[in-house]
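Novice: Fold the stuff below for me.
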Amino acid sequence: MTPKISKHFRESECRCNCGCGKMVINKDLVSMLEDARKLAGIPFTITSWTRCEEHNEKVGGSNNSEHLKGMAVDIVAISSTGRYLIISALLRAGFRRIGIAKNFIHAGIDSSKPWNCIWVY
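Specialist: Numbers count the residues shown, from 1 in each chain. Next up, the predicted model:
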């Protein structure tokens with residue numbers, strides 16, 4: 001088991017999924033995720049956190065993706081109830097950049113990007 005970076009999240013969740021080992025831990029993001037998870041009352045399964053440039057390109061991420069800086073996560077959301085609980089908690093925890101896809105929610109904190117926005121994939 002990989003070491004924890006907070007009460008509910010592990011280094012393995014934060015590393016790039018390609019296996020390169022890239023990992024960026026943004027303390028503000030971790031703190032806000034912990035707050036949101038507590039507010040949602042359900043576990044958050046992270047499918048994407050930090051990405052290297054090659055992996056980001058492979059998965060179709062934008063050239064200036066928040067994932068490249070470790071400033072965003074994608075959280076599994078496959079049911080309408082789960083999606084509601086996650087989005088509601090993210091907003092209450094202070095997230096202001098949320099993307100909604102069929103099976104995940106993107107939560108980002110990069111203040112250099114447009115703020116107070118929700119988009120769909």
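
Novice: contacts for stretch 95-113?
Specialist: If you take CB atoms under 8 Å, 6 or more residues apart in numbering as the criterion, stretch 95-113 is touched by 26, 28-29, 32-33, 36, 47-48, 64, 66, 69, 71-78, 83, 86-87, 90-91, 114-121. To be clear about C-beta, it is placed using only N, CA and C from the backbone, and glycine gets the same treatment.

Novice: That stretch: which residues count as buried?
Specialist: Counting neighbours by 16 or more other CB atoms under 10 Å, one finds that the buried residues in stretch 95-113 are 95-99, 104-110, 113.

Novice: Tell me who's in contact with H67.
Specialist: Listed by CB under 8 Å, 6+ apart, the contact partners of H67 are S48, W49, T50, R51, N56, G61.

Novice: next one: V73
Specialist: V73 sits next to L29, L33, F44, I46, S48, W49, H106, A107, G108 when contact means CB under 8 Å, 6+ apart.

Novice: mind checking which helix or strand it is in?
Specialist: Assessed by DSSP states H and E, V73 sits inside strand 72-76.
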